[in-house]
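K.L.:
here is a sequence together with a model predicted from it:
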Amino acid sequence: MTSDLILSRLRRLIVLDTSVFPEVRDDRSFTLIVAGLAAGAVVMGGLGAFLYGQTVLEFTPDNWFLETAVLGSIFTMILLAAAIALTYLVLAEVFKAQVTLDGLGRVLALSYTAYALSFFVFLPEVGFTFGVLSIAAMFYYAVSGVRAAAPEASAGAAALSVGAGFVLWITVMALISEPGDNFFNGPFVYSIGD
C-alpha cells in the first residue's frame, strides 16, 4: 500500500467521494492502515484535551496528561471499536443488510478519522466548535459510508445503525468523563466544567 493511495483515499473522504467506501470495504490490506489512521485521530483528540488544560483551564488536576492523552485515548479507541460492533449488529441483525464486520469496520474507521478535528478543542473561543464539528463529521461520514458500503440498507437503517453505535460511545464517554475522572478525549474535555 503506497502513501499516495492512502492520501488519495483521505482526500476522497474529505470531499465525500462515496466511491471510496466500497473500495475500502473490499480492501483487506487496508485494515491495519485505516485502524492506525483512526487511532491517530483519537490520539490527536487526546492531545487536544491535554492542551485544553494548558491553555484554557486555570489549573490542571494531577496526572492530566496520563488521564486525557493516554487513558482517554485508549478508552475512546475501545469505545469506538464497540460502536463499530454495535453498528454492525443493528445493521446486520435488525435491518438484515448484507455486510461483513471487517468491511464495515474499515468503512467506519475511515469515517472516524474526522475525529482528528477535535485536536483543536484547546483553542480558546472556537475549540467547542471544532469539538462539535468533529463528532458531526464522524456521524455524517459514517452514515454516508454505510449507505455506500451496504447499498441495500435504507437511509434510515444506515442512520439508526450508526446512531446506535454513537449513543453507546457518547453515553459511556460521558459517564467516564465526570469531574474527578478525567478520562476524556477531544470534545469531552468540556465535561470538566460541570
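P.N.:
Received, thanks.
K.L.:
next up, the contacts around residue 6.
P.N.:
Going by Cβ atoms under 8 Å, 6 or more residues apart in numbering, residue 6 touches 33, 37. Any C-beta I mention is one placed from the backbone N, CA and C, and that applies to glycine too.
K.L.:
meant to ask about residue 133, not that
P.N.:
Each residue near residue 133 by Cβ under 8 Å, 6+ apart is listed here: residue 117.
K.L.:
that one: what secondary structure?
P.N.:
Three-state call for residue 133 (DSSP: H, G, I helix; E, B strand; the rest coil): helix.
K.L.:
ok, the one 10 residues further on next?
P.N.:
Three states are possible here, and by three-state DSSP the one that applies to residue 143 is helix.
K.L.:
counting neighbours, what do you get for it?
P.N.:
19 (other Cβ atoms under 10 Å).
K.L.:
quick one, what contacts residue 51?
P.N.:
Shown in contact with residue 51 (Cβ under 8 Å, 6+ apart): residue 122.
K.L.:
next secondary structure after the strand or helix carrying it?
P.N.:
Using DSSP states H and E, residue 51 falls within helix 31-55. Counting by DSSP H and E, the next helix or strand C-terminal to helix 31-55 is helix 64-65.
K.L.:
by contact count, what packs against that next one?
P.N.:
With contacts defined as 3 or more Cβ pairs under 8 Å, 6 or more residues apart in numbering; DSSP states H and E, the packing partners of helix 64-65 are helix 31-55.
K.L.:
how about the helix it packs on: buried residues?
P.N.:
Across helix 31-55, burial judged by 16 or more other Cβ atoms under 10 Å covers 33-35, 37-39, 41-53.
K.L.:
pretty sure residue 27 contacts residue 106?
P.N.:
Yes. Assessed by Cβ atoms under 8 Å, residue 27 is found in contact with residue 106 at 7.2 Å.
K.L.:
between these two, which is the more surrounded one?
P.N.:
Comparing residue 27 with residue 106 by other Cβ under 10 Å, the one with more neighbours is residue 106, at 27 against 16.
K.L.:
can you pull the contacts of the more buried one?
P.N.:
Residue 106 neighbours (Cβ under 8 Å, 6+ apart): 24-25, 27, 30-31, 34.
K.L.:
can you show me the CA trace of the helix or strand hosting it as CSV?
P.N.:
Per DSSP H and E: residue 106 is located in helix 101-112. What follows is helix 101-112, C-alpha atoms only, in CSV (Å, rounded to 0.1, in the frame of the first residue of the first chain):
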residue,chain,number,x,y,z
LEU,A,101,-17.9,-6.9,10.2
ASP,A,102,-14.4,-6.4,8.8
GLY,A,103,-15.6,-4.5,5.7
LEU,A,104,-17.9,-2.3,7.8
GLY,A,105,-15.2,-1.8,10.4
ARG,A,106,-12.8,-0.4,7.7
VAL,A,107,-15.5,1.9,6.4
LEU,A,108,-16.4,3.2,9.8
ALA,A,109,-12.7,3.5,10.9
LEU,A,110,-12.1,5.7,7.8
SER,A,111,-15.1,7.8,8.8
TYR,A,112,-13.8,8.1,12.3
